[in-house]
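1. Would you be able to build a 3D model of this:
(one chain, ligands or ions: 1)
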Amino acid sequence: VRVWFSDVMPSERVRPDACPGVLALHEAADGLLARIRLPGGMVNPEQLRTLADCAEQFGDGFMHLTSRGNLQLRGLDRDDPLPAERLGQRLSAAGLLPSPAHERVRNFLASPLPGLADARRLVLDLDRAVCARPDLAALPGRFLLALDSGRGDVATEGADVCWRAVSADSGALLLDGDDTGLRVPLARAVDALVLAAATFAEARGQAWRVRESPTARHRIHDVLAAEFPRVPPVRFPRAGPVPVGPIPSPSGPLVGAAVPLGTLTAAQLRLLAGARSVAITPWRTCVVGGIEPQRLTAAGLVVDPAAPGLGVSACAGRPGCARSAADVRADARELLSRLPADTRVHLAGCERRCGRPGAEHVDVVAQDGGYGVDGAWVPAERLLRSLTHQDDSGQSDEGEG
Ligand code: SF4
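-> Residues are numbered from 1 along each chain as shown. A predicted model of the protein is given here:
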């Protein structure tokens with residue numbers, strides 16, 4: 001049995017919400033860190049060029065994709081007194097900072113591909129509606145809203161509130177992943193999510209997430225039940241992320257391109273700026289229209305669904321993060337060419353496990369000169385063997401199913 005971690009949530013938070021943004025930078029070991037909101041992963045060519053420029057001028061040359069489809073800029077100069085101001089101006093001019101007050105209210109997932117409905121058409125309306133509400137600026141930086149086209153891809157990413165299409169013109173309202181039974185017309189999906197978010201902001205107390213506050217959860221349900229009809233709740237099937245490789249589409253061929261270890265170079269961002277369409281996904285891939293797969297491959301992106309290492313992800317690790325017990329990205333890079341594509345594994349430098357995928361995965365945490373693999377310690381040099389089940393020590397297969 002693989003371990004599938006959910007957040008360990010206290011009933012009441014005692015720390016203030018310190019999620020970084022563009023205007024509130026985080027002090028990391030490799031410099032200041034900015035997190036850039038990208039609702040639904042939607043990004044246009046001008047924005048991609050701006051992001052490439054910012055990566056080179058302010059950061060370490062990369063844009064780091066997060067597990068919520070946002071972007072991180074690392075390595076900002078901590079001796080520069082105005083990095084946040086100058087970065088904010090650049091991003092604002094490109095439409096990437098629409099409301100300074102809401103810059104940390106930034107977790108909006110949307111299915112990158114149409115299904116029963118097209119979630120991408122709704123997500124920018126949702127962002128505008130949230131940014132128009134001053135009371136929603138107080139939402140915690142971890143609160144997650146999702147619009148699922150009916151494919152079931154983002155609905156299983158642990159959103160606090162999710163609208164999931166069940167037909168071309170209606171959707172289910174999910175709270176913390178569970179169907180409430182409430183059915184919301186497509187035309188009111190944005191209203192319903194805004195109402196749910198506003199109710200949470202009002203009733204949350206110290207909670208950051210819906211799962212932390214039964215009071216807020218019941219309140220959201222009651223408020224929305226006064227507006228929308230209810231049917232018996234459904235247990236929706238889990239769905240995987242969008243595929244890697246060619247994707248047929250009525251609007252022209254698309255390509256799912258994996259971004260190794262979730263880091264896009266400035267050159268890759270500029271290549272993507274020439275695409276017909278680009279959506280950044282929470283699975284550290286891009287859905288790209290209008291660029292030949294061969295050009296994406298030549299630029300270092302992965303479009304082969306059988307490519308080794310497709311399921312490998314890692315947190316920042318050492319030296320970027322002072323908490324890390326190892327250079328986990330170096331060890332992850334060793335796995336990229338060796339692990340089968342279908343082995344999903346996340347390497348973390350400490351127990352916080354930043355950036356871990358929402359889906360089931362092998363949990364690898366640096367500790368004591370080696371790694372805990374699903375809780376069983378293995379020396380670092382045996383990590384690959386333990387993950388490919390070639391380790392005859394018996395240690396690595398504990399908990400395997
Ligand atoms: S999991 Fe730990 S080591 Fe990795 S980035 Fe998060 S805090 Fe740092």
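2. Can you pull the phi/psi pair for the closest residue to the ligand within the stretch 1-150 of the chain?
-> Taking CB to the nearest ligand atom, the ligand has its nearest neighbour within the stretch 1-150 of the chain at residue 28, 8.2 Å off. C-betas here are computed from N, CA, C, even on glycine. Residue 28 adopts backbone torsions of phi -110, psi 170, taken as degrees, to the nearest 10.
3. Near it, how many other residues are there?
-> Using other CB atoms under 10 Å, residue 28 is surrounded by 20 other residues.
4. Just to check, it is in contact with residue 319?
-> No - taking contacts as CB atoms under 8 Å, residue 28 lies outside contact range of residue 319: 9.7 Å.
5. Now do the contacts for residue 41.
-> Residues touching residue 41, when contacts are defined by CB atoms under 8 Å, 6 or more residues apart in numbering, comprise 69, 109, 110, 112, 279, 280, 281, 282.
6. Output the residues you listed as TSV; include the columns distance to residue 308 and neighbour count.
-> Shown next, in TSV, are the contacts of residue 41 (distance: CB to CB, whole Å; neighbours: other CB atoms under 10 Å):
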residue	distance to residue 308	neighbour count
69	24	27
109	28	27
110	30	30
112	24	30
279	25	24
280	23	26
281	20	26
282	22	25
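7. Spit out the contact partners of the residue of the stretch 1-150 of the chain closest to the ligand.
-> The contact partners of residue 28, by CB under 8 Å, 6+ apart, come to 74, 316, 320, 321, 322.
8. residues near the fourth one, how many?
-> Burial of residue 321, expressed as a neighbour count using other CB under 10 Å, amounts to 20.
9. if I look at it, how far off is residue 315?
-> To residue 315, residue 321 is 7 Å away according to CB to CB, to the nearest Å.
10. Can you work out which residues contact both of these two?
-> In contact with both residue 321 and residue 315: 349, 354, using CB under 8 Å, 6+ apart.
11. For residue 177, what are phi and psi?
-> The phi/psi pair for residue 177 (degrees, to the nearest 10) reads phi 90, psi -10.
12. thinking again about what came up before, show me which of the contacts of residue 28 neighbour the ligand.
-> Among the contacts of residue 28, the ones lying near the ligand by CB under 6 Å from any ligand atom are 316, 321.
13. Export the contacts of residue 28 to CSV and append columns for secondary structure and distance to residue 138.
-> Below are the contacts of residue 28 laid out as CSV (DSSP: H, G, I helix; E, B strand; the rest coil; distance: CB to CB, whole Å):
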residue, secondary structure, distance to residue 138
74, strand, 27
316, coil, 28
320, coil, 30
321, coil, 28
322, coil, 30
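14. need the helices for the stretch 151-300 of the chain, in chain order.
-> Here the stretch 151-300 of the chain has its helices, by DSSP state H, counting those that start in this stretch, at 189-203, 214-225, 266-272, 293-298.
15. how about those in a markdown table, adding distance to residue 152, mean neighbour count and mean pLDDT?
-> As requested, those are exported to a markdown table (distance: least, CB to CB, whole Å; neighbours: other CB atoms under 10 Å; pLDDT from 0 to 100):
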| stretch | distance to residue 152 | mean neighbour count | mean pLDDT |
| --- | --- | --- | --- |
| helix 189-203 | 16 | 20 | 97 |
| helix 214-225 | 21 | 17 | 97 |
| helix 266-272 | 26 | 21 | 98 |
| helix 293-298 | 26 | 15 | 97 |
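16. Next, format those as CSV and append distance to the ligand.
-> Converted to CSV, the helices of the stretch 151-300 of the chain look like this (distance: least, CB to the nearest ligand atom, whole Å):
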stretch, distance to the ligand
helix 189-203, 26
helix 214-225, 27
helix 266-272, 22
helix 293-298, 28
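17. Using CSV, lay out those together with distance to residue 366.
-> Formatted as CSV, those follow (distance: least, CB to CB, whole Å):
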stretch, distance to residue 366
helix 189-203, 35
helix 214-225, 35
helix 266-272, 28
helix 293-298, 31
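18. Go through those helices and name the closest to residue 239.
-> Closest approach to residue 239 among these (CB to CB): helix 189-203, 18.8 Å.
19. which residues are contacting the closest one?
-> With contacts defined as CB under 8 Å, 6+ apart, helix 189-203 is touched by 122, 125-126, 129-130, 133, 135-136, 138-139, 143, 145, 147, 160-161, 163, 171, 173, 175, 182, 184, 210, 213, 215-216, 219-220, 223-224, 227-228.
20. Can you turn the buried part of those residues into a ChimeraX selection?
-> Burial among the contacts of helix 189-203 is assessed by 16 or more other CB atoms under 10 Å; the matching ChimeraX selection reads:
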select :122,126,129,130,133,136,139,143,145,147,160,161,163,171,173,175,182,184,210,213,216,219,220,223,224,228
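21. Name the residue closest to the centre of this structure, please.
-> Note on the chain: the residue nearest the mean C-alpha position is residue 68, at 1.6 Å, using CA atoms, centre = their mean.
22. what's the closest non-adjacent residue to that residue?
-> residue 107 (5.0 Å; CB to CB, 6 or more residues apart in numbering).
23. likewise residue 160?
-> If the residues on either side of it in the chain are set aside, residue 160 comes closest to residue 210, at 4.2 Å by CB to CB, 6+ apart.
24. still on that earlier bit, can you check which of the helices of the stretch 151-300 of the chain gets nearest to residue 331?
-> Ranking the helices of the stretch 151-300 of the chain by proximity to residue 331 (CB to CB) places helix 266-272 first, at 23.0 Å.
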